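J.: coordinates for the following, if possible.
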Amino acid sequence: MIAKSFGLVILFLTLVSGLNAQTITGKVSDARGPLPGATVLEEGTQNGTQTDFDGNFTLEVSDTNAILVVSYIGYTSQEISLNGQTFLSIVLNTDTQTLDEVVIIGYGQTQNKRLVTTAVATVKAETIKQLPISQAEAALQGTIPGVVVQQNSGSPGSPQTVRVRGIGTPNNSNPLFIVDGIQVPNLSFLNPNDIASQTVLKDAASTAIYGSRGGNGVILVETLKGQKRKMKPQISVNTFYGIQTLFNKPDLLNRDQYLQYYNEGVAAVGGNTAPGFRGAFTEEERVLLPDTDWYDVVFDDAPIQNVYGSVVGGTESLSYSLSGGFFDQEGILGGEGKSEFKRRNIRGSISIDLTDRITLDASAQYQFSDLFTVPQNNGGAGVGISSFINALPPIYPAFDEAGNFFNPFINGGTPVANGVPLNSLGAVTNPLFSIAISNNQATQDATNLNLSLNYDIVDNLKFRGWYGSFNNFIFNRSFTPLLVQPEQQFDTSTGVNYTEIKNRQENRQWGGTFEYNFDKWVSDDHDLDVLVGYEAVETTFIGGDIINDTGSFLTNNFDEVNFALSEDITDATVTPGVTFPRNLESFFGKIDYNFKEKYLFSAVLRRDKSSSFGPDNRVGWFPAVSAGWVISEEEFLNGIEYIDLLKLRGAWGISGNDQSASPFAYAATVNTQSSYAGQPGIALTSLSNPVLGWEELTQFNVGLDINAFNNKLGITLDYYIKETSDILLGATTPLTSGLNPAIENTGAVENRGFEVLVSYRENYESGFGWNIGANLGFNKNEVTDLGETSFIPGAQLSPQFNDFATRTQVGDPIASFFGFVVEGVDAAGNLVFADLDNSGNNQLTPDEGDRAIIGDPNPDATVGLTLGLNYKNFDFSAFMSGTLGNDIFDATIRYDALGTNRPASYVTEPSAPRNIAVSTTPNGEQLISDFHVQDGSYLKMKNVSIGYSLPKDVMEQIGMRGLRIYVSGQNLFVLTGYNGIDPEIGQNNPNSPLNIGIDQGFFPQARQFLLGLNLDF
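T.: As a prediction, the model looks like this:
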């Protein structure tokens, strides 16, 4: 009976509860229209939903008098009492306090942009999606002032070099990359579609919390994640397909111009041509010779395609995401299997509330890439494919009558084209032959695992612990096959070889932080947040194992070749690799304080202990302080309604660079293969330096942030002084010691700069809106000290010059071009060089004292411009980027080789140097001088997109959240004074800044035309 009565009571209460339950519908908008994705939550519960693309929502609440909390990033939240209402029309107002942005500042911390006191900039997913890019770093190019992204090559999959506020050291100047809190060597393993945001920490006050690793800037990447709310799985598919083409060619001599140039050269030497070179060409021979455009022969249109899909979802206590993609880009030079980049990746993340206070987050990613490359930006004989294109005259055909590659060099004989004897050119070869025998492949298997535990111990006290690992296995293969064409003397039988190189990098990282917020400390006007933490990082490079077999193989197919198919494996040689470990142990703390969100203060202190440095100097301290004044909160500005934010900030800090030396640079080295008096032994080759430490970067920054006109106008200004000290350089060791120089901390570099970021947006009731943005970053680089080192040479150019093209010395920028200064051309057409040391030498043959700084590859400024337009369902965007004030050293012409091609200006301009087509007497072109230096400033149209989205009512009928189709063009045109193929030139070695801005046959970026589709279900 009691049980029955109890059941009736429960039934009654359930019926009463059901009577109070109510389904609520409504619409959320702002002053311009509906707000899709706004959150509607029943107060005091986890019961909530989000608005659809029209701002509509439906929510079943427990009580007709419940209170709904409506929120949206960048808008003031509203609490609305239902009071029996079943339909709500809600208009949210822009929140000038949030400024529509939350900034990631590292170690799980975020901060409202209003309260940030350091130099931090963010690129969000919306911007990245407008740039169909293959490498994640490319999204930073031209979008953030003070950040230079160098395209090291237009070759598919080529790495990007990122520089934050100039080059701080002649050693490794790469920034620190952090993905979801875990250190990684670069971002090449990431699919750009998986990126939610990229944040750049630019000044030392923001990077000091990363201590000895943050001196060159820090790139924080956050990836795709789900959201914890009741929601159906959201599926997105993004795909595009396009064609790439060569969009620019240098103006070289065509057939008729070359024959004119050659014949004039023969006349200039009175018919006494160099040994082996023929006399002038006749008119009858001219009409028989081809007019080969080697750019048309070698370059071809190539496809590019991308497919990406993702699923995100969640419940009240769980969120998840799963994504995967495929990307394939063939090169316009070489094409499939020769110049190509393929990437496949899959990634997943999950976040689970284990309890009300404990959350477990996990993510895992696997990426496989396949990279094929052709030799380029190298003038060396046999490998410089791009330089051959410039050097080979147009009168040489690509193929002979039998379909063989035409050989411009016949050893002991004469090449013949259509019955016309040609000169035998030993310095260059047919680029098609060079491509045919060049097979280079690098496969990369990268895995990334992140685990973190967040524990709200008590109110305002949080613990976060994490573990992460990154493993990257790189397998390089190269193969020179057997290619025999006797008619053209092509025979690689003595040069057949197959090589494999294996490398592996392992990163492991773990640590934890405690964060306590003194909620409204002392009074409601004060806010104090304290973070303390510990971190350990282990990085190990394993490999460099090289196996090479110079014998014959049973196959000529690069896909099939391996050592098992070697005809005689005993020819193989094995060179063992090395293992380089690095260990870092750190303690750090951070304080953030503000008074009434008007007066702001932050301080950081980090202690690092690194295994990379001497036992007497492994511990370093890295402090930083910053402060801000939100002037717009002062009473004297209360009456100025158009100013939403006016903030002045200043910062000072010290951070470091621990990547400039090998892990054992502090140790003495020995040679175990030495001998004395016929007896084997061990000899000391360099001394140790037990006090060797990291390079230290001290930076001062002052900035101003302005938001006005209801946050439509945004302006950010920054001025900085960045000084690098204790640069790692070789010590001066007496030659009589017989020892190599030890590495020591000496030398200094200074970067000074000014950055401007301006944006404006406007939307109208008609459905039309527009936005525009511009950023400009100025930087002046200067070497202020090199210790006992007088200068550092760089960029040895062979065989054109057989000399170094750059010099790093005190008083000038890093990697400045160094050579002779040309005063003009004499009456005979020889270059006349300035006698800078007043030695009275012959100015046609200058001496060492006449060398000087002749150019600077570092830009004075970088610029980025964006424009966006939208009208109802149509959208348009354009993006331009460029540099100002940088120079390019043009090393694409083979001045060292007789009979090679020249720019068309050599026959169209009377001031061209003396004709040396067949003369062994040089005219000065063979020397490194400012004759070869050009202005490298440019402004390039990087992207233009036009899109159309289906109307929302149509999408609802077909059960979709969104469908957008677009056409896009990349690298559509470039404005530049450089007469080479592409002014956007990076550096040959991504880890060394001493060879930048030098064109030795650069693989150009392609013009792309894409058709894309975005689907959301």
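
J.: partner residues bridging T122?
T.: Taking DSSP bridges as the rule, T122 bridges to T199.

J.: with L697 instead?
T.: S655, T724.

J.: can you check the one 4 residues further on too?
T.: Per DSSP bridges, the residues bridged to N701 are A651, Y720.

J.: quick check: it touching T716?
T.: No. The criterion here is C-beta atoms under 8 Å, and N701 misses it with T716 at 11.9 Å. Where you see a C-beta, it was placed from the backbone N, CA and C, and this is true even at glycine.

J.: please identify which of the two sits among more neighbours.
T.: N701 (26 against 20; other C-beta atoms under 10 Å).

J.: so who does the more buried one touch?
T.: N701 is in contact with T118, A119, K202, D203, A204, A205, G650, A651, W652, D718, Y719, Y720, counting by C-beta atoms under 8 Å, 6 or more residues apart in numbering.

J.: check the gap between the nearest residue to the third one once chain neighbours are set aside and I332 for me.
T.: Among residues not flanking K202 along the chain, A119 sits closest, at 4.2 Å (C-beta to C-beta, 6 or more residues apart in numbering). Relative to I332, A119 is positioned 38 Å away (criterion: C-beta to C-beta, to the nearest Å).

J.: so which of these two has more stuff around it?
T.: When A119 and I332 are compared on other C-beta under 10 Å, the one with more neighbours turns out to be A119, at 30 against 27.

J.: dihedrals phi and psi, that one?
T.: The phi/psi pair for A119 (degrees, to the nearest 10) reads phi -90, psi 100.

J.: I'd assumed T207 was in contact with it.
T.: No. A119 is not in contact with T207 according to C-beta under 8 Å; the separation is 9.5 Å.

J.: overlap in contacts of the two?
T.: L201.

J.: and the longest strand for this structure?
T.: Longest strand of the chain, by residue count under DSSP state E: strand 526-549.

J.: who does the next helix or strand after that strand pair up with?
T.: In the C-terminal direction, the helix or strand that comes right after strand 526-549 (DSSP states H and E) is strand 573-575. Counting by DSSP bridges, the strands paired with strand 573-575 are strand 526-549 (antiparallel).

J.: per-residue confidence averaged over the strand it pairs with?
T.: Averaging pLDDT along strand 526-549 yields 92.

J.: quote the end-to-end distance of stretch 276-290.
T.: 22 Å (C-alpha to C-alpha, to the nearest Å).

J.: buried stuff in that stretch?
T.: F277, R278, F281, E285, R286, L289 (16 or more other C-beta atoms under 10 Å).

J.: show me which pair in those residues is furthest apart.
T.: F277 and R286 (17.4 Å; C-beta to C-beta).

J.: which secondary element of the chain has the worst mean pLDDT?
T.: helix 2-20 (a mean of 41; mean pLDDT, DSSP states H and E).

J.: can you name the next helix or strand after it?
T.: Immediately after helix 2-20, counting by DSSP H and E, sits strand 22-30.

J.: identify the residues contacting that next one?
T.: Residues contacting strand 22-30 (C-beta under 8 Å, 6+ apart): 34-35, 38, 40, 51, 54-61, 63-64, 66, 68, 70, 72, 75, 82, 85-94.

J.: among those, which ones are in helices?
T.: In helices, defined here by DSSP state H, there are no members of the contacts of strand 22-30.

J.: report the buried members of those residues.
T.: Buried, going by 16+ other C-beta under 10 Å: 34-35, 38, 40, 51, 54-55, 57, 59, 61, 66, 68, 70, 72, 75, 82, 88, 90, 92, 94, out of the contacts of strand 22-30.

J.: return the subset of the residues you listed lying in strands.
T.: P34, V40, F57, L59, V61, L68, V70, L88, I90.

J.: what's the closest of those residues to V578?
T.: The closest of these, once distances to V578 are taken by C-beta to C-beta, is V40, at 59.5 Å.

J.: who's the closest one bridged to?
T.: Going by DSSP bridges, V40 forms beta bridges with T49, V70.

J.: now stretch 408-423: buried residues?
T.: For stretch 408-423, using 16+ other C-beta under 10 Å, the buried residues are P408, F409, I410, P415, A417, V420, L422, N423.

J.: kindly report the same for stretch 911-921.
T.: A912, P913, R914, N915, I916, A917, V918, S919.

J.: pLDDT and distance to M231 added to these, as a markdown table?
T.: Formatted as a markdown table, the buried residues of stretch 911-921 follow (pLDDT from 0 to 100; distance: C-beta to C-beta, whole Å):
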| residue | pLDDT | distance to M231 |
| --- | --- | --- |
| A912 | 90 | 70 |
| P913 | 93 | 71 |
| R914 | 92 | 76 |
| N915 | 93 | 75 |
| I916 | 92 | 73 |
| A917 | 93 | 73 |
| V918 | 94 | 77 |
| S919 | 92 | 77 |
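
J.: turn these into JSON lines, columns for secondary structure and distance to K113.
T.: What follows is the buried residues of stretch 911-921, written out as JSON lines (DSSP: H, G, I helix; E, B strand; the rest coil; distance: C-beta to C-beta, whole Å):
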{"residue": "A912", "secondary structure": "coil", "distance to K113": "56"}
{"residue": "P913", "secondary structure": "coil", "distance to K113": "57"}
{"residue": "R914", "secondary structure": "coil", "distance to K113": "62"}
{"residue": "N915", "secondary structure": "coil", "distance to K113": "63"}
{"residue": "I916", "secondary structure": "coil", "distance to K113": "61"}
{"residue": "A917", "secondary structure": "coil", "distance to K113": "63"}
{"residue": "V918", "secondary structure": "coil", "distance to K113": "67"}
{"residue": "S919", "secondary structure": "coil", "distance to K113": "66"}
